[in-house]
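# Turn this into a model:
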Amino acid sequence: MAGPSPRGPLAGIRVVDLSRLAPGPYCTMLLADLGAEVIVVGGGRAGVAIPEFSRGKRHIALNLKAPEGRAALHALVKTADVLVEGFRPGVADRIGAGYAELSALNPRLVYCALTGFGQDGPRAKEAGHDITYLALSGVLGGLGPKGAPPEVPLNLVADFAGGSLIAAIGILAAVIEAKSSGKGQFIDAAMMDGALSLMAMHWPLWRTPHWPERGDGLLGGGAPFYRTYACADGGYVAVGALERGFFETLWRTLCLGEVPDHMNRALWPSIERTLAETFAGAPRDHWTALFDGTDACVAPVLAPDEVWSDPHVSARHPGSGPRQVPAVPRLSRTPAEARPLDLADQTAEVLAEIGLSEREARAAAAQDEGEGRSGLAWPPELR
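Numbers count the residues shown, from 1 in each chain. Okay, the predicted model is just below:
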């Protein structure tokens, strides 16, 4: 069931979520954590909801191929502030969920279409995944070591940073504007656009001494004071001693003698050899203890299953874990909250709340959400 009413800063905001898999559901999870009522509309051929992104949401299943299902969606949209969808351009229109049709029913609706390539342009209707948008935006071409294929940063950059977070910012901006104008608007949130924007600091540095090629330069892995080093036990430490003061602390903590000019590229090979040999001489946790409390920007590279027992993480986010990430950011007066996960079908309850009769609700509901499904279940079965 829906549980207690949310208390966050978005309490009273209703979001209808037609998206699937990753970027849209993560975006709406952030909104739910901030207090929005998120109603996920399932049914049809899309993939299933990811439980880790489903907390605090209500789930219904509508048959949008049937007139009754579309009518139920339209009734729900009339009560909503926001709608999020992740279809390729044109698909939402064909199922009665396009912006023109829905905004005519609810002029104050903020409608966010979160796609890979956006609503126009030569690739607008092409399929893609995070790696596709990274490849075409230039991000992927800048990641990884020299002389090796580019390295994929999971699906964090285009899906979640360039997609979910940028979409959430657009939604919040449009909701604020609608409070004064009384009018909603269409948000064209493209993951590739987001990836382009995320590179704002780095575009001017490409093919300069600061970033001459992949795997080189100040932040690309070439600078010996901004990279990782192997330790005696097979673990790694991350060194981020970019500023002079941090580098001096690093060098002196390791008792390496006179501090070299770390911005002199001619000295980088010798600095790298010295640091590599030094860190290889003891286990990772030795270096963790040595640098604890110092301003050298040296940290252990934690495996994913080590993060939640880290003293800082466990102190700030008690109770969080791999299936319950913390609600962020912290707000002092109206805090975000990771509300309980409830994947139960609430179609009857939600449709009754917006005034549909029991007969109308039965006719609108998807009878078998899994029938004919072609979307990707997560995680997919590996054989």
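# Across the sheet, point out what pairs with the closest residue to Lys57 other than its chain neighbours.
Closest residue to Lys57 apart from its sequence neighbours, by C-beta to C-beta, 6 or more residues apart in numbering: Val38 at 4.3 Å. In short, each C-beta sits where N, CA and C put it, glycine included. Beta-bridge partners for Val38, by DSSP bridges, are Val15, Lys57.
# Next one, pLDDT for Glu4 please.
Not quite, residue 4 is Pro, not Glu. pLDDT, Pro4: 57.
# switch to numbering from 59
Okay, residue one is now 59; in that scheme the one you just asked about reads as Pro62.
# now the helices: where do they sit in this structure?
Using DSSP state H, the helices found in the chain span residues 81-91, 125-136, 149-152, 157-163, 188-195, 224-239, 249-256, 302-311, 326-337, 342-349, 369-374, 405-411, 416-422.
# Just give me the residue right at the centre of the protein.
Phe218 (2.4 Å; C-alpha atoms, centre = their mean).
# wait, doesn't it sit right on Tyr84?
Yes. At 5.7 Å, Phe218 counts as touching Tyr84 under the criterion of C-beta atoms under 8 Å.
# Could you tell me how far the residue nearest to Lys115 is located from Leu414?
19 Å (C-beta to C-beta, to the nearest Å).
# With neighbour numbers in mind, choose between the two.
A direct count of neighbours by other C-beta atoms under 10 Å for Val96 and Leu414 places Val96 higher, at 28 against 21.
# Would you check how far apart that one and Arg116 are?
In terms of C-beta to C-beta, Val96 sits 7 Å off from Arg116.
# that older thread, make JSON lines out of the helices of the chain and add mean neighbour count, mean pLDDT and distance to Gln177.
Listed next are the helices of the chain as JSON lines, based on neighbours: other C-beta atoms under 10 Å; pLDDT from 0 to 100; distance: least, C-beta to C-beta, whole Å:
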{"stretch": "helix 81-91", "mean neighbour count": "27", "mean pLDDT": "98", "distance to Gln177": "15"}
{"stretch": "helix 125-136", "mean neighbour count": "19", "mean pLDDT": "97", "distance to Gln177": "19"}
{"stretch": "helix 149-152", "mean neighbour count": "15", "mean pLDDT": "96", "distance to Gln177": "11"}
{"stretch": "helix 157-163", "mean neighbour count": "16", "mean pLDDT": "98", "distance to Gln177": "10"}
{"stretch": "helix 188-195", "mean neighbour count": "22", "mean pLDDT": "98", "distance to Gln177": "15"}
{"stretch": "helix 224-239", "mean neighbour count": "17", "mean pLDDT": "98", "distance to Gln177": "13"}
{"stretch": "helix 249-256", "mean neighbour count": "22", "mean pLDDT": "98", "distance to Gln177": "11"}
{"stretch": "helix 302-311", "mean neighbour count": "17", "mean pLDDT": "98", "distance to Gln177": "45"}
{"stretch": "helix 326-337", "mean neighbour count": "15", "mean pLDDT": "98", "distance to Gln177": "46"}
{"stretch": "helix 342-349", "mean neighbour count": "17", "mean pLDDT": "98", "distance to Gln177": "48"}
{"stretch": "helix 369-374", "mean neighbour count": "11", "mean pLDDT": "96", "distance to Gln177": "39"}
{"stretch": "helix 405-411", "mean neighbour count": "18", "mean pLDDT": "97", "distance to Gln177": "29"}
{"stretch": "helix 416-422", "mean neighbour count": "16", "mean pLDDT": "96", "distance to Gln177": "28"}
